[in-house]
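Chemist: what shape does this take:
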Amino acid sequence: MIISVSRRTDIPAFYADWFYNRLRTGYVLVRNPINLHSVSKVRLTPDVVDGFVFWTKNPLPMARRLDELAAYPYYFQFTLTGYGRDIEPGVPDKRRVLVPAFKDLAAQLGKKRVIWRYDPIFFSKKYTPEWHFACFNALAVELKNSTERCVISFMDSYRNTKRNAEKLGAVELSDEELYAFAGRLAKIAAKHGIKLQTCAEAYDFTALGITAGSCIDKALLEDIGGFKLNIKRDSSQRKECGCAASIDIGAYNTCPGGCLYCYANYNAPLVQTNIAVHNKNAPLFFGMLTAQDIVTERKMAGCKVLQQGLFG
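Modeler: Residues are numbered from 1 along each chain as shown. Have a look, this model is predicted:
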């Protein structure tokens, strides 16, 4: 099975110690985000984990201990935008910290294993299309030798992100304007040898040379691991999503980053409560098991396709 680490929070940036402790222990307990008293025991051993996909805005805490991941195929989805602290208050300085971190990670792993995410894209009086073009080009110049592709998406009007709409000052572009924007972004990416892909977008930009991407990318893990995987598309995601099936081991309302566009942090007081009860040595991401919790071991098996010999 593929393990997602994590769509719900930035584990590499803020909870790397917890993750490595769970890896050493060999399992993690994951609360169902809909029914919190339903808890799954998810094994993290190499015989059942076909690969890890790490999502982060700052890989440095995890990158210091990559040798502990030697038994697993994995890659990073690294979000790097130009937004300021008005939008991403908990993200380190981009030029001094994160651009060098991106380059260092790619130097360790190879550029195909560090995917640049320039998302979500939103527009405002401050963050205009022209601002994005200049910022995207500046980042592409820096990262062109450290990645093969960039994933973009446009901010969706989730119920959770609407709470911050006033702070963001977000404005919508027409379909024609959005199409023209994507086309110009594609030209900038191509100029620097970077393939542009979308994430779960309803817009079809294929005529612009922008393909629909898969953030949980079965083909990439197959390439990294040197095997084939018998894994289907993740039916629990939106119909536009091309991701392979995976198990996410994170939790909503736990990220200290505080990005205003985030759909995974939607209750600020709860975020602080959950952070306060995080224990890097505990099997749960936050808090402890209670008498009401029902723990069920997740049925897991490796999905690698066994290659038979000529006569086997």
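
Chemist: how near is Leu109 to Glu148?
Modeler: Counting by Cβ to Cβ, to the nearest Å, the separation of Leu109 from Glu148 is 12 Å. For the C-beta atoms, the positions are set from N, CA and C on the backbone; glycine is no exception.

Chemist: same deal with Asn35?
Modeler: Asn35 is 40 Å from Glu148, by Cβ to Cβ.

Chemist: how about Leu69?
Modeler: Computed as Cβ to Cβ, the Leu69 to Glu148 distance reads 21 Å.

Chemist: about what we covered before: same drill for Asn35 and Glu148, tell me which one is more crowded.
Modeler: Glu148 (17 against 9; other Cβ atoms under 10 Å).

Chemist: for that one, which residues are in contact?
Modeler: 111-112, 115, 194-195 (Cβ atoms under 8 Å, 6 or more residues apart in numbering).

Chemist: which other helices and strands contact the longest strand seen in the chain?
Modeler: Secondary structure of the chain per DSSP state E: the longest strand is strand 114-121. If you count contacts as 3 or more Cβ pairs under 8 Å, 6 or more residues apart in numbering; DSSP states H and E, strand 114-121 packs onto strand 74-79, helix 99-109, helix 129-143, strand 149-154.

Chemist: partners of that strand, with directions?
Modeler: Strand 114-121 sits in its sheet next to strand 74-79 (parallel), strand 149-154 (parallel), going by DSSP bridges.

Chemist: for the ones you listed, give me JSON lines that also has distance to Lys94 and mean pLDDT.
Modeler: Formatted as JSON lines, the strands paired with strand 114-121 follow (distance: least, Cβ to Cβ, whole Å; pLDDT from 0 to 100):
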{"stretch": "strand 74-79", "distance to Lys94": "11", "mean pLDDT": "98"}
{"stretch": "strand 149-154", "distance to Lys94": "15", "mean pLDDT": "96"}
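
Chemist: any chance of these in JSON lines, with distance to Ala264 too?
Modeler: Converted to JSON lines, those look like this (distance: least, Cβ to Cβ, whole Å):
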{"stretch": "strand 74-79", "distance to Ala264": "13"}
{"stretch": "strand 149-154", "distance to Ala264": "14"}
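
Chemist: what about the chain, any weak spots by pLDDT?
Modeler: Residues of the chain that meet the criterion pLDDT under 70 lie in 157-165, 306-312.

Chemist: let's see 80
Modeler: 156-166, 236, 238-240, 306-312 (pLDDT under 80).

Chemist: what's across from the residue nearest the centre of it in the sheet?
Modeler: Central residue of the chain (Cα atoms, centre = their mean): Trp55, 3.0 Å from the mean position. For Trp55, the beta-bridge partners under DSSP bridges are Gln77.

Chemist: all numbers from here: first residue = 651
Modeler: Yes, from this point I'll number from 651; that puts the last item at Trp705.

Chemist: what's near enough to touch it?
Modeler: Taking Cβ under 8 Å, 6+ apart, one finds 654-657, 660-662, 726-727, 729, 865 in contact with Trp705.
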